[in-house]
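Chemist: model the following, please.
(chains A and B)
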Amino acid sequence: MRDRAVGDGPVAAAAHPLRVIMVYGQLARAGFRRQSQYRLAMFAGLFTNCVFGFVRAAVMLAAVRAAGDFGGYTEGSIGAYVWLSQGLLGAMQFMGPPLDLADRVKNGDIAIDFLRPVDVQLGYLAADLGRAASTVLPRGVPSVLVGVLTFGLAMPTTPGPYLLGTVSVVLAVAISFLCLFAVALIGFWVVETRGIRVLYQVSGTFLAGLFVPVHMFPDWLRTIAMATPFPSILQAPIDVLSGRITGAEAVSVVAVQVFWVLAIGATGRILLAAGRRKLEVQGG
Amino acid sequence: MVEPSAVRAGTWFTPYAAVLRSRIRAQRAYRLSFASEVFSAFLIGLVEFAEVWVIFHNVRVLGGLDLNAALLLFGFGQSTFALAQVLFGHLDTLPTLIRMGQLDAYHLRPQPLLLQLITSDISLRRFARASVALVVLALGFLRNDIDWSPATVALVLLTMLSGIALFGGIFVCAAGLQFYLIDGAELTNSFTYGGSFAAVQPATVFPTPLRLLFGFAIPVAFTAYLPTIELLGLPGPALLPAWLAWLSPLAALWVWLLALSFWRFGTRHYQGGGG
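Modeler: Prediction:
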């Protein structure tokens, strides 16, 4: 394996930048088309999102009515928070099955990925962005529509939040994937990563603000949450999309997301390089 | 291991017990892995409680319940669900068994399919999650002003047993539907995990359709909300009077009736894995 170590994206490095972009574009399209084959799975996901959405919206609405000041949320904006978070779940893979990558690390197929003329991390990221894009129409939009029809959400009426929100959602999907990527790579050192994955999933969804908005946490818990990338995966895109934060404040939240993309991306690359040295593949 | 008595025929349960014993041994074989899974399950329990606690940190009273009452609600709902998961949770893997053609192996054995699947595994780590919920429940007993009598003790026992049976039945319902929904397995999460989530919310906050859904169709309100208000002597909202708590065995029976019919339809529909 060592000799081939330089094969880490040789084409990508040498080729014309436009061709590189095209390669990743193709990977993203493949991810999109692969995911859109599973129509029943999409519908199942949407249905489950909606059931949870109804229960959560009922609880949150009662909480807003009971508390005088519920983290600055009103009846309309808490609805937007609940249904946007349900709608984004399909794209974020928090609840989804583990990445194929986890199995590939375990059974050694990752060696094949190392031989490909595409960067392992960026290749999988491109495919995952494609996958996430394919969930927007069948899962994201209908989920928000159900919320609009049943609860009447307060959504922004200017284009600004939607434009910046789209950027924020793409960054959030990237952070979510890069985190899962890093978690899956722990499999280089640990045989069974299920415990770690479950731990990541549970603490992640909580700190991301899926069940209760991060703004409602007591101060010490909010400080802990803000020190992790999780609020950037869910709370940030919801805040920007729903227009809870605008202008310079919204831009700074997006800047924090960019920071996490770079930081976790770098962590993933370090783990990948270290895992590659550790990797030992039998047979041939 | 030679038994002193020459031949022991055993009871009908002997083969199931042998499988269960082997599963228990298998889980404890990799100590580090088992310890990390138990620890994760324990943290899941804590995080789930944190969700409830954060809401009550902001709101003193939600749906007529304060934090102390919410301890009971969470304790009942989550402990019965987690204990049902210990016994029935692995039915979740049925779509994988079907897709890989492994279910056919179960069909070859001269034992009822459902009973084999239920006894094919037991998830010890989930006891950790149940233990968090049981501690919360005990706290709820201490911090609420409950008028203890033989009747209330009976209600608690009835609730625990019916609750475990009810959630177990929901897992079987989900499994029965999996024969139709190979790709759409996530659909059943809406009433297994969705049901357990709805069970620990005060039902007063639900609009009527949700109250009917979780009160009578998938009657998870019987596992936690109804016993909580009955123990605290609260009247309960429209459609869900507190005395219904005593009928939790009927609710469990209803779910098992559904479960066994779904299972029957499902297994009749199943054509085999081919190969």
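Chemist: give the other helices and strands that the single longest helix found in chain A contacts.
Modeler: Assignment by DSSP state H gives helix A:247-278 as the longest helix of chain A. Here helix A:247-278 touches helix A:120-135, helix A:159-185, helix A:230-233, helix A:235-241, going by 3 or more CB pairs under 8 Å, 6 or more residues apart in numbering or on different chains; DSSP states H and E. For every residue, glycine as well, the C-beta is placed using N, CA and C.
Chemist: buried stuff in whatever helix or strand comes next after the second one?
Modeler: Think helix A:159-185. Note on helix A:159-185: by DSSP states H and E, the next helix or strand toward the C-terminus is helix A:194-208. Using 16 or more other CB atoms under 10 Å in any protein chain shown as the test for burial, helix A:194-208 gives A:195-208.
Chemist: angle of the longest helix of chain A against helix A:120-135?
Modeler: 130 degrees (axes from the mean of the first three to the mean of the last three CA atoms, to 10 degrees).
Chemist: what about helix A:247-278, distance to the chain center?
Modeler: Chain-centre distance of helix A:247-278: 13 Å, with CA atoms, centre = their mean, to the nearest Å.
Chemist: please identify the buried residues of that helix?
Modeler: Within helix A:247-278, the residues scored as buried using 16+ other CB under 10 Å are A:250, A:253-254, A:257, A:260-261, A:264-265, A:268-269, A:271-272, A:275-276.
Chemist: please apply the same query to stretch A:85-97.
Modeler: A:85, A:86, A:87, A:88, A:89, A:90, A:91, A:92, A:93, A:94, A:95, A:96.
Chemist: check stretch B:22-30 too.
Modeler: Judged by neighbour count using 16+ other CB under 10 Å, the buried positions of stretch B:22-30 are B:23, B:27.
Chemist: how far out from the middle of the chain is stretch B:164-184?
Modeler: Distance, centroid of stretch B:164-184 to centroid of chain: 12 Å (CA atoms, centre = their mean).
Chemist: dump the buried residues of stretch A:85-97 to a markdown table, plus secondary structure.
Modeler: Below are these laid out as a markdown table (DSSP: H, G, I helix; E, B strand; the rest coil):
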| residue | secondary structure |
| --- | --- |
| A:85 | helix |
| A:86 | helix |
| A:87 | helix |
| A:88 | helix |
| A:89 | helix |
| A:90 | helix |
| A:91 | helix |
| A:92 | helix |
| A:93 | coil |
| A:94 | coil |
| A:95 | coil |
| A:96 | coil |
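Chemist: how is residue B:86 assigned, secondary-structure-wise?
Modeler: Going by three-state DSSP: residue B:86 is helix.
Chemist: list the residues that contact the nearest residue to it once chain neighbours are set aside.
Modeler: What sits nearest to residue B:86 in space, not counting adjacent residues and going by CB to CB, 6 or more residues apart in numbering or on different chains, is residue B:126, at 4.6 Å. Residues in contact with residue B:126 (CB atoms under 8 Å, 6 or more residues apart in numbering or on different chains) are B:41, B:82, B:83, B:85, B:86, B:89.
Chemist: kindly recompute the last result at 10 Å.
Modeler: B:37-38, B:41, B:44-45, B:81-87, B:89-90 (CB atoms under 10 Å, 6 or more residues apart in numbering or on different chains).
Chemist: how far away is it from chain A?
Modeler: Remark: distance between residue B:126 and chain A (CB to the nearest CB, to the nearest Å) = 11 Å.
Chemist: check what pLDDT that residue gets.
Modeler: We have a pLDDT of 85 for residue B:126.
Chemist: and if you look at the one 4 residues further on?
Modeler: Turning to residue B:130, the model gives it a pLDDT of 91.
Chemist: repeat for the one 5 residues further on
Modeler: If you check residue B:135, the pLDDT there is 95.
Chemist: what about chain B: which of the buried residues of helix A:194-208 touch it?
Modeler: A:195-207 (CB under 10 Å from any CB of the partner chain).
Chemist: export those residues as JSON lines, with columns for pLDDT.
Modeler: As requested, those are arranged in JSON lines below (pLDDT from 0 to 100):
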{"residue": "A:195", "pLDDT": "77"}
{"residue": "A:196", "pLDDT": "82"}
{"residue": "A:197", "pLDDT": "83"}
{"residue": "A:198", "pLDDT": "81"}
{"residue": "A:199", "pLDDT": "82"}
{"residue": "A:200", "pLDDT": "87"}
{"residue": "A:201", "pLDDT": "86"}
{"residue": "A:202", "pLDDT": "85"}
{"residue": "A:203", "pLDDT": "87"}
{"residue": "A:204", "pLDDT": "90"}
{"residue": "A:205", "pLDDT": "90"}
{"residue": "A:206", "pLDDT": "91"}
{"residue": "A:207", "pLDDT": "93"}
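Chemist: circling back to that earlier point, ok, and the most crowded of the contacts of residue B:126?
Modeler: Within the contacts of residue B:126, residue B:81 tops the neighbour count with 32 neighbours, counted by other CB atoms under 10 Å in any protein chain shown.
Chemist: thought that residue was touching residue B:165?
Modeler: No. Counting by CB atoms under 10 Å, residue B:81 does not reach residue B:165; the two are 11.9 Å apart.
Chemist: any residues in contact with both of these two?
Modeler: By CB under 10 Å, 6+ apart, the residues touching both residue B:81 and residue B:165 are residue B:223.
Chemist: list the contacts for residue B:212?
Modeler: Counting by CB under 10 Å, 6+ apart, residue B:212 has contacts B:206, B:239, B:240.
Chemist: which helix or strand lies directly C-terminal to the one helix or strand it maps to?
Modeler: Taking DSSP H and E as the criterion, residue B:212 maps to helix B:208-212. Where DSSP H and E defines the elements, the next helix or strand beyond helix B:208-212 is helix B:225-232.
Chemist: can you give me the angle the longest helix of chain A makes with helix A:159-185?
Modeler: Using the same axes, to 10 degrees: helix A:247-278 against helix A:159-185 is 20 degrees.
Chemist: on that earlier part again, now the buried residues of stretch A:85-97 in JSON lines, with pLDDT and distance to chain B?
Modeler: Below are the buried residues of stretch A:85-97 laid out as JSON lines (pLDDT from 0 to 100; distance: CB to the nearest CB, whole Å):
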{"residue": "A:85", "pLDDT": "92", "distance to chain B": "13"}
{"residue": "A:86", "pLDDT": "91", "distance to chain B": "12"}
{"residue": "A:87", "pLDDT": "91", "distance to chain B": "15"}
{"residue": "A:88", "pLDDT": "92", "distance to chain B": "16"}
{"residue": "A:89", "pLDDT": "89", "distance to chain B": "11"}
{"residue": "A:90", "pLDDT": "86", "distance to chain B": "10"}
{"residue": "A:91", "pLDDT": "88", "distance to chain B": "15"}
{"residue": "A:92", "pLDDT": "87", "distance to chain B": "15"}
{"residue": "A:93", "pLDDT": "80", "distance to chain B": "13"}
{"residue": "A:94", "pLDDT": "75", "distance to chain B": "13"}
{"residue": "A:95", "pLDDT": "68", "distance to chain B": "8"}
{"residue": "A:96", "pLDDT": "68", "distance to chain B": "9"}
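Chemist: any chance of the residues you listed in TSV, plus distance to residue B:192?
Modeler: As requested, the buried residues of stretch A:85-97 are exported to TSV (distance: CB to CB, whole Å):
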residue	distance to residue B:192
A:85	21
A:86	17
A:87	22
A:88	22
A:89	17
A:90	19
A:91	23
A:92	21
A:93	20
A:94	18
A:95	13
A:96	17
